[in-house]
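>>> okay, predicted coordinates and the sequence, questions at the end:
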Amino acid sequence: MIRLVDVHKAFGPKQVLNGFTLDVLEGETMVIIGYSGTGKSVAIKHIVGLLEPDSGEVWVDDLEVPRLPRRELYKLRARIGYVFQFAALFDSLTIGDNVAMGLRKQGELTEREIAERVAQSLDLVDLPGVEGKFPAELSGGMRKRVGIARSIALRPKYMLYDEPTTGLDPVTSAVIDDLMVRMRDKLGVTSIVITHDMRSAYTVGTRIAMLYQGKVRQVGTVTEIQQSRDPVVRQFIEGRAELDTDALLVGRT
């Protein structure tokens, strides 16, 4: 289980998180939505210790992340797959070497076992036989799938997806959505997905949380979010340019 409790984080004078609290239950896919620049990526970077909160608590499996010694933090990170917004592949390495990177760093498998794990992971994302290619030879959607393969090669307990469908056409986005659902169902991973794409959020999410002004405005099932009467939530999920200020004053429509 992942828990963020009253997390505050500022960069200079800019307060990004202002009492962010969220529980992510085992086996679920939590989708975090919110306007650009509201701190969604900042929030999940606390989970892997890339950022430390100014105040508040961050827990993963009863471990308080900011207090972990470096060696224990590295062990925790091995259980958390992180899929970056633009795949973050190394252009000078083959696809096989990109996917194998984390496995080699762990040093627990032989090269033969690593090759088998790489092939299995690429097969899970429907990219068999591309080990010898380079990232430049693949489409944007294929590179994102390689990013997912690299993460799942470590057999993580948790997966963090940062805007996984950004810049993709609707068909390719649907493929990525299907892969995220497949990772949950086949591998049993608990996931957090950051997205602006409500179609994707409704497809992959078991629950959805909206981040607004540094804290969770509302969290609920897909149906609960779709039926929300909160004017801020409704504006975002409907993509409306103007907020219903009268409704905002009373807090609910």
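Perfect, thanks for sending it. Residues are numbered from 1 along each chain as shown.

>>> in contact with residue 48, which residues?
65, 76, 77, 80, 82, 160 (CB atoms under 8 Å, 6 or more residues apart in numbering). No exception for glycine: its C-beta is placed from N, CA and C like everyone else's.

>>> can you rerun that using 10 Å?
58, 60, 65, 73, 76, 77, 79, 80, 81, 82, 158, 160 (CB atoms under 10 Å, 6 or more residues apart in numbering).

>>> of these, just the buried ones, PyMOL syntax please.
Per 16 or more other CB atoms under 10 Å, the buried members of those correspond to this PyMOL selection:
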select buried, resi 58+60+65+73+76+77+80+81+82+158+160
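
>>> so which of the contacts of residue 48 belong to strands?
Counted as lying in strands by DSSP state E, out of the contacts of residue 48, are 58, 60, 80, 81, 82, 158, 160.

>>> tabulate the residues you listed (TSV), appending distance to residue 37.
Shown next, in TSV, are the ones in strands among the contacts of residue 48 (distance: CB to CB, whole Å):
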residue	distance to residue 37
58	21
60	26
80	24
81	25
82	20
158	25
160	19
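
>>> between all of those, which two are separated the most?
58 and 81 (17.5 Å; CB to CB).

>>> pull the longest helix from the protein.
When the chain is parsed with DSSP state H, its longest helix is helix 170-187.

>>> roughly how far is that helix from the heart of the chain?
Offset of helix 170-187 from its chain centre (CA atoms, centre = their mean, to the nearest Å): 13 Å.

>>> low-confidence ranges, the chain, go.
Along the chain, segments meeting pLDDT under 70 span 86-87, 241-253.

>>> one step back: wait, which of the ones in strands among the contacts of residue 48 is closest to residue 13?
Nearest member of those to residue 13, counting by CB to CB, is residue 58, at 23.2 Å.

>>> if I look at the closest one, how far off is residue 42?
12 Å (CB to CB, to the nearest Å).

>>> residue 90 now?
In terms of CB to CB, residue 90 sits 25 Å off from residue 42.

>>> coming back round to it: show me what counts as buried in the longest helix of the chain.
Residues of helix 170-187 classed as buried: 172, 173, 175, 176, 177, 179, 180, 183, 184 (neighbour count, 16+ other CB under 10 Å).
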